[in-house]
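Colleague: Sequence and predicted model, in that order:
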Amino acid sequence: MKTTGKIHSVETCGTLDGPGIRFVIFTQGCPLRCQYCHNPDTWKMEDGKNVTVDELMKEINKYKSYMKYSGGGVTASGGEPLMQPQFIKELFERCKGERIHTVLDTSGCISLNKVKEVIELTDLVLLDIKSFDVHKYKEITGASLEPTIEFAKYLSKINKPMWVRYVLVPGLTDDFDSIAKLAEFLSNLGNVEKVEILPFHKMGEYKWEELKYEYKLKDTQPPSKERVEKVSNIFRKYNLSVR
């Protein structure tokens, strides 16, 4: 049988989810309920559309030359792609067979035992860490921070290249002490190539309204450039490269 997965959409020439020009697959389904999520329409698995790995590879190969000459490749994002480990595993196996660079964009919230084979086929992990404060993480996502920390430690243990993504939300994730503790933790891992500070935005607010979800951050504004720079400097203090 052909392996089938649930996806939300694809972006054929993405430039924000890993190096170079990338074919980005936004998978359907996510166990987190982040307050600032700009894709709440990816949460429920049943809302996605079915697609086979064969169908995806047919589309991916149309952009192979762009990916090759830009140093790009394929990124599995979401939602949470590791909710469909067999689907992503086969997709990445096919990509490796075509010598296509693979990136996994994940929150690391899935049990490691279920996803190690996917990680093995991944060239670069984009790890989204929502907060380093266990109580704040629970408030933001509705889930536990522990699986993400164990995921990060495992990536360090196997020396898997990693970019860390941190969404900066005023009044929610901009506590300097918590950020400093995260920076210290990351500085001891040894496999963090850089940290991406992603300023909070409200471009997905209309989706919350359409889905009739309560958007708790409707009165929150994006962080100032000065705030972003202060946070960036905390990571730099720990000798981490910041974008």
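Modeller: Sure thing, it's come through. Numbering: from 1, shown residues only.
Colleague: Point to the residue nearest the middle of this structure.
Modeller: With distances taken as Cα atoms, centre = their mean, the residue of the chain nearest its centroid is Asp105 (3.3 Å).
Colleague: element containing it?
Modeller: Using DSSP states H and E, Asp105 falls within strand 101-106.
Colleague: CA atoms only: put the next helix-or-strand element following that strand into PDB for me.
Modeller: Of the helices and strands lying after strand 101-106 in sequence (DSSP H and E), the nearest is helix 116-120. The C-alpha trace of helix 116-120 is given here as PDB (Å, rounded to 0.1, in the frame of the first residue of the first chain):
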ATOM      1  CA  LYS A 116      14.100   8.300  16.200                       C
ATOM      2  CA  GLU A 117      14.000   6.800  12.700                       C
ATOM      3  CA  VAL A 118      12.700  10.100  11.300                       C
ATOM      4  CA  ILE A 119      15.400  12.100  13.100                       C
ATOM      5  CA  GLU A 120      18.000   9.700  11.600                       C
END
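Colleague: so where do the strands sit in the chain?
Modeller: Taking DSSP state E as the test, the strands found in the chain are 4-14, 22-27, 49-52, 73-77, 101-106, 124-128, 162-168, 192-199.
Colleague: Direction included, what does the longest one pair against?
Modeller: Paired with strand 4-14 in the same sheet, following DSSP bridges, are strand 22-27 (antiparallel), strand 49-52 (antiparallel).
Colleague: Compare these and give me the one nearest Thr75.
Modeller: strand 22-27 (4.6 Å; Cβ to Cβ). The C-beta positions use only the backbone N, C-alpha and C, and glycine is treated the same way.
Colleague: Go through the strands paired with strand 4-14 and pick out the most buried.
Modeller: When those are scored by mean count of other Cβ atoms under 10 Å, the highest mean neighbour count falls to strand 22-27 (a mean of 25).
Colleague: what distance separates stretch 220-233 from the centre of its chain?
Modeller: 21 Å (Cα atoms, centre = their mean, to the nearest Å).
Colleague: Oops, could you answer that again for stretch 72-84 instead?
Modeller: Averaging C-alpha positions (Cα atoms, centre = their mean) puts stretch 72-84 8 Å from its chain's average.
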